[in-house]
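Student: Have a look at this prediction, sequence included:
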Amino acid sequence: MRKAAVLGLAIAAAGCGSPAKLTESQEYYVGRGVAANAVLQTQGFVQHEELESYVNLVGQTIALESERPETYQGYHFGVLKSDLVNAFCAPGGFVFVTTGALRKMENEDELAGVLAHEIAHVNLRHPEEFANRETQKSGVMDILAKGGHLAEVGGGVASTVFGALGKPREAEAVAKVSENLAKVVKAFGGVLDSYLQEIMVNGYGRDSELAADALAVDLLTRPGVRYDPSALKAFVSRLPPAKRGAWSTHPDLEGRGENIDRKIKERGVRSSVDPARSARFKAMTAFLGQ
Amino acid sequence: MLLSSALLLATGFLAPEPSQDPPAAGPRRVQMQTAKLYKGPGPKTGYVDTAAYGEHMLLETVQGVWARVKRQKDGSTVFISMDALVLPEDYDDAPEKSQASADVTAQSYKAGRFDDTTEKKYIEEKGPRMQQAYADVDRMLARPAYKKDAREALQRLAGFLKDGKLGEHAPR
């Protein structure tokens, strides 16, 4: 009896109160899915180990000093071949920048600024919030939250697990599992489609983008980092309006530069672009051409 | 026999009230999602590790809201909060189980989550191009730049910071 009560409590906990959320491992799988779809929408990864290693070092320098220095499977910074000037992140700490964006950058500090902006999104859990919202909309959160079959079959499956119901009910449970799998896979695809259509094109919305800029300035100027935060503004300002919309997620951000400036003043930290950093950035990206 | 032990499912997001009537001591099999493990009954005793989803452990005793468990992978004894544990309905009086039943369990849990089973099915439905794209992602994650070797990564990062006059090497 008491066992039934405990199971009941578990189901009740998932069914009411604060909404259930994806676990970090599930968010990681959404991130992998976004990454795979991004590969299909571009010409794939740049396949240049030195450049990838370099971009990872710049990203890790910033991520390790952030409030979220580690994700479920760690941060991964990838370079995608595309002429579009874009950078984006996905749940679980995946961060991507295009070769088009790298060509537009003049130095390492600008790259750091763009990556810091994306790391800020990860710190603020914008990708995860989006994935959770979309999963809620898909109607499968209950299945995900209750370990699949428990939500639908409840004690029946528990009994099946322990062999008490016999083969007919076991077959029923297996059928239910297959049905749930189909629902979950459909929802998974839906979340990925939404992510690609909304986040990679329109971003997280003005408030979230400005918040990510502000946190990026903060991250760039931390004692363990010390990149020049004004490089972020320089990069954004250099983009023509149409292209600005195509770091695509950052449309319509009039006042973005002022927001960055204000944050730099608040931080009261002065840094400058170091020639050594600029030199290594140019060496790493030279093969991309202009 | 492992299959004859009761199953406990710990969930990160599914947090039932702590049981006022904890299970009796004795070997039990535990299946859990990511959960923090401590040296003793409480965080102040010292963090030991984080258990991965699906890791199996033997429940030894229950001390209040804390369960002492033995990890199957290395035999170490650690503590985990009972808050996250969900007990199946027939926890105490489970009869002997068949392998078939155990397979149902594994399949059931896997079918209800965004995980490798879901990913595999999604790739299958999308076809060869998606399969190739995932292979590219896996190749990316397998490259040295993405490996999670903390010591090597920190060594490389130290040199990177110095060369770039970053962090403590930045001019004041």
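Tutor: Arrived safely, thanks for sending.
Student: can you pull the contacts of the residue nearest the centre of chain A?
Tutor: Among the residues of chain A, the one closest to the centroid is residue A:90, at 2.3 Å (CA atoms, centre = their mean). Contacts of residue A:90 were listed using CB atoms under 8 Å, 6 or more residues apart in numbering or on different chains, and they are A:30, A:31, A:34, A:35, A:38, A:96, A:127, A:195. Yep, even glycine has a C-beta here, placed from its N, CA and C like the rest.
Student: is it in a bridge, and if so with what?
Tutor: residue A:94 (DSSP bridges).
Student: what's the distance between residue A:51 and residue A:43?
Tutor: Residue A:51 is 15 Å from residue A:43, where distance means CB to CB, to the nearest Å.
Student: ok, now residue B:76?
Tutor: 48 Å.
Student: Equivalent analysis for residue A:280, please.
Tutor: Residue A:280 is 25 Å from residue A:43, by CB to CB.
Student: neighbour count winner among the two?
Tutor: residue A:280 (19 against 14; other CB atoms under 10 Å in any protein chain shown).
Student: how about the helices of chain B, start to end?
Tutor: B:99-111, B:116-126, B:128-142, B:150-163 (DSSP state H).
Student: what about the strands in the stretch 51-200 of chain A?
Tutor: A:76-80, A:87-90, A:94-98 (DSSP state E, counting those that start in this stretch).
Student: Switch the ones you listed over to TSV; also include mean pLDDT.
Tutor: Formatted as TSV, those follow (pLDDT from 0 to 100):
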stretch	mean pLDDT
strand A:76-80	94
strand A:87-90	93
strand A:94-98	95
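Student: Could you dump those strands into JSON lines and include distance to residue A:120?
Tutor: Listed next are those as JSON lines, based on distance: least, CB to CB, whole Å:
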{"stretch": "strand A:76-80", "distance to residue A:120": "14"}
{"stretch": "strand A:87-90", "distance to residue A:120": "9"}
{"stretch": "strand A:94-98", "distance to residue A:120": "11"}
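Student: out of the ones you listed, which comes closest to residue A:211?
Tutor: Of all these, the one in closest proximity to residue A:211, counting by CB to CB, is strand A:87-90 (13.8 Å).
Student: low pLDDT regions in the chain?
Tutor: Looking at chain A here, since you left the chain open. For chain A, the stretches with pLDDT under 70 are A:1-19, A:142-143, A:145-177, A:240-254, A:290.
Student: Chain B, not that one
Tutor: Short version for chain B, where the test is pLDDT under 70: B:1-34, B:52-57, B:59, B:82-112, B:143-152, B:172.
Student: related to what we said a few turns ago, any chance of the contacts of residue A:90 in JSON lines, plus neighbour count?
Tutor: Listed next are these as JSON lines, based on neighbours: other CB atoms under 10 Å in any protein chain shown:
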{"residue": "A:30", "neighbour count": "27"}
{"residue": "A:31", "neighbour count": "28"}
{"residue": "A:34", "neighbour count": "26"}
{"residue": "A:35", "neighbour count": "24"}
{"residue": "A:38", "neighbour count": "25"}
{"residue": "A:96", "neighbour count": "26"}
{"residue": "A:127", "neighbour count": "26"}
{"residue": "A:195", "neighbour count": "23"}
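Student: Quick check: end-to-end length of stretch A:192-203?
Tutor: Terminal residues of stretch A:192-203 lie 14 Å apart, using CA to CA, to the nearest Å.
Student: Which element, helix or strand, includes the closest residue to residue A:113 other than its chain neighbours?
Tutor: Spatial nearest neighbour of residue A:113, excluding adjacent residues (CB to CB, 6 or more residues apart in numbering or on different chains): residue A:232 at 2.9 Å. Assigned by DSSP states H and E, residue A:232 belongs to helix A:230-238.
Student: which parts of that helix are buried?
Tutor: A:230, A:231, A:232, A:233, A:234, A:235, A:236 (16 or more other CB atoms under 10 Å in any protein chain shown).
Student: Specify which member of the residues you listed is nearest to chain B.
Tutor: Nearest to chain B among the buried residues of helix A:230-238 is residue A:231, at 13.0 Å by CB to the nearest CB.
Student: Residue A:84: neighbour count?
Tutor: 16.
Student: and it, how far is that from chain B?
Tutor: 17 Å (CB to the nearest CB, to the nearest Å).
Student: surely that residue meets residue A:98?
Tutor: Yes. Between residue A:84 and residue A:98 there is a contact under CB atoms under 8 Å: 5.6 Å.
Student: Give me the common contacts of these two.
Tutor: What both residue A:84 and residue A:98 touch, as defined by CB under 8 Å, 6+ apart, is the set residue A:42.
Student: need the contact list for the nearest residue in space to residue A:36 that is not next to it in sequence.
Tutor: The shortest distance from residue A:36 to any non-neighbouring residue, by CB to CB, 6+ apart, is to residue B:133 (4.1 Å). By CB under 8 Å, 6+ apart, the contact set of residue B:133 is A:36, A:37, A:39, A:40, A:44.
Student: Please report how far residue B:133 lies from residue A:189.
Tutor: Taken as CB to CB, the span from residue B:133 to residue A:189 is 14 Å.
Student: quick one, which of the strands of the stretch 51-200 of chain A is nearest to residue B:40?
Tutor: Per CB to CB, nearest to residue B:40 of those: strand A:76-80, 35.6 Å.
Student: How much space separates residue A:180 from residue B:113?
Tutor: Residue A:180 is 10 Å from residue B:113, by CB to CB.
Student: more crowded one of the two?
Tutor: A count of neighbours by other CB under 10 Å puts residue B:113 above the other of residue A:180 and residue B:113, at 26 against 23.
Student: Please report the distance of residue A:270 from residue A:229.
Tutor: 10 Å.
Student: Same check on residue A:190?
Tutor: 38 Å.
Student: more crowded one of the two?
Tutor: Neighbours per residue (other CB under 10 Å) separate residue A:190 from residue A:229, with residue A:229 holding more: 28 against 16.
Student: who are the neighbours in contact with the residue nearest to residue A:105 when sequence neighbours are not counted?
Tutor: In this structure, residue A:105 finds its nearest non-sequential neighbour in residue A:111, 5.4 Å apart by CB to CB, 6+ apart. Shown in contact with residue A:111 (CB under 8 Å, 6+ apart): A:55, A:58, A:97, A:102, A:105, A:281.
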